[in-house]
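1. Predicted model and sequence below, questions to follow.
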Amino acid sequence: MGEATLTRAQIAALRNDRYHRRRDKRLASAEDIRAFVNEAGVCLLFPVQGIELPNVYQAVAGFEKPMTAQHDDPHIALTWETKDRALDRRWWYYGKLIKGKATLVSLDLLPHFYALSENFGDEDDYLHEYAAGTLSADAKNIYEALLRHGPLHAIEIKRKANLYGDALKARFDKALTELQVGLKVLPVGVAEAGAWRYAFIYEIVSRWFPDLPAQARAITRSEARVAILARHLHNVVAAQPKELARLFGWKPAEVEAAVRKLIERGQAKIVTVTGVQGEVVMATD
């Protein structure tokens, strides 16, 4: 039996508060968005069905607003423009990290995510992954183009990695997402290139954040999972272990160990939620 019983409505109300989905807490400026990302630690740029995380777009709107295709939506405008303007300012990490979706991570939490990656700060790390079959040939070619030539916009990368043309677009997009999920590359600016005169400029993560590998080396993988989980549970209020494993791609035993450590530290507890089958972990703060 859990230590307490909650309802889904109670959890939803707490999430709306922490996600800033309230009119009195909505974000009105780029500085508000920067503070929100630092507070959350990890969040999405836009809401994604099936991924329970705070997101900038709904925090700007101040309510649980569904996405719209209208280009004159002021909430999309502030969200998108702030993301673009901040790319070269190192306010945060931005890239397709969580489930390959546009993610923002605060700089204090970033070393913990990096500690869980297969990067160790050496330029040839990627070759070991390629040899092991965990890095695709297309991703290797993109990475090597950036390694040799420095920051490049997407059109230049396609040419140098032999992935240019409509027939290869899906392969290019898949490889670029693979590299971002693996914390190997990230967008750092926008160039007026391509048919839409808009193309991300990409760089290698360890060159953009040169202190990051050393910061990550001081963190064990178990410590990294505990730190990430503590921030995430504070944001989402409560979650089932299977949801946590699915979101972060961790093994059930890894989630169990991190939850146990948080409970020992008084940062989490086991609760029951009305209508939910199974154990639920809740943040105590």
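-> Perfect, I can see it now.
2. quick one, helices of this structure?
-> Per DSSP state H, the chain carries helices over the ranges 8-18, 30-40, 56-61, 74-86, 110-115, 125-132, 137-149, 154-160, 169-181, 205-208, 212-217, 221-236, 241-248, 252-264.
3. Now do the shortest one: everything it contacts.
-> Helix 205-208 has contacts (Cβ atoms under 8 Å, 6 or more residues apart in numbering) with 90, 93, 114, 119, 121, 183, 184, 185, 186, 188, 212, 213. In short, each C-beta sits where N, CA and C put it, glycine included.
4. do the same with the last one
-> Contacts of helix 252-264 with the rest of the structure, by Cβ under 8 Å, 6+ apart, involve 222, 225-226, 229-230, 233, 241-242, 244-245, 248, 250, 268-270, 281.
5. Just the angle for it relative to helix 221-236, thanks.
-> Interaxial angle of helix 252-264 relative to helix 221-236 (axes from the mean of the first three to the mean of the last three Cα atoms, to 10 degrees): 70 degrees.
6. Rounded mean pLDDT for helix 252-264, please.
-> What helix 252-264 shows for mean pLDDT is 98.
7. Ignoring the adjacent residues along the chain, who's closest to residue 114?
-> residue 216 (4.0 Å; Cβ to Cβ, 6 or more residues apart in numbering).
8. any idea how far the one you found lies from residue 73?
-> Distance, residue 216 to residue 73, using Cβ to Cβ, to the nearest Å: 38 Å.
9. quick one: which of the two has more around it?
-> Taking neighbours as other Cβ atoms under 10 Å, residue 216 and residue 73 compare with residue 216 leading, 23 against 17.
10. got a list of what the more buried one touches?
-> 111, 112, 114, 115, 117, 119, 121, 224.
11. Take the residues you listed and write them to TSV, including neighbour count, pLDDT and distance to residue 66.
-> Formatted as TSV, those follow (neighbours: other Cβ atoms under 10 Å; pLDDT from 0 to 100; distance: Cβ to Cβ, whole Å):
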residue	neighbour count	pLDDT	distance to residue 66
111	22	98	34
112	24	98	31
114	24	98	33
115	25	98	35
117	17	97	33
119	20	94	36
121	14	78	41
224	20	98	34
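12. Looking at these, which one is closest to residue 144?
-> residue 119 (15.3 Å; Cβ to Cβ).
13. ok now do that closest one, which residues does it touch?
-> Contacts of residue 119 (Cβ under 8 Å, 6+ apart): 125, 182, 183, 184, 205, 206, 213, 216.
14. Leaving aside the residues adjacent along the chain, what's closest to residue 258?
-> residue 225 (4.3 Å).
15. Would you mind giving the domain segments of the protein?
-> Following automatic domain parsing, one finds the domains of the chain at 14-108, 125-216, 220-283.
16. hang on, isn't residue 64 packed against residue 21?
-> Yes. The pair residue 64 / residue 21 is scored as a contact, 5.2 Å apart, by Cβ atoms under 8 Å.
17. Give me the common contacts of those two.
-> Residues touching both residue 64 and residue 21 (Cβ under 8 Å, 6+ apart): residue 58.
18. Who has more neighbours out of these two?
-> Between residue 64 and residue 21, residue 21 has the larger neighbour count (other Cβ under 10 Å), namely 20 against 13.
19. tell me the mean pLDDT over stretch 198-208?
-> Computed over stretch 198-208, the average pLDDT equals 97.
20. can you pull the alpha-carbon coordinates of it into PDB?
-> Taking Å, rounded to 0.1, in the frame of the first residue of the first chain, the C-alpha atoms of stretch 198-208 are listed here in PDB:
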ATOM      1  CA  TYR A 198      16.400  28.900 -43.300                       C
ATOM      2  CA  ALA A 199      18.800  26.200 -42.300                       C
ATOM      3  CA  PHE A 200      20.300  25.300 -38.900                       C
ATOM      4  CA  ILE A 201      24.000  25.600 -38.400                       C
ATOM      5  CA  TYR A 202      25.300  22.500 -36.600                       C
ATOM      6  CA  GLU A 203      28.400  22.000 -34.400                       C
ATOM      7  CA  ILE A 204      29.900  19.200 -32.300                       C
ATOM      8  CA  VAL A 205      28.600  19.300 -28.800                       C
ATOM      9  CA  SER A 206      32.000  18.900 -27.100                       C
ATOM     10  CA  ARG A 207      33.400  21.800 -29.100                       C
ATOM     11  CA  TRP A 208      30.500  24.100 -28.400                       C
END
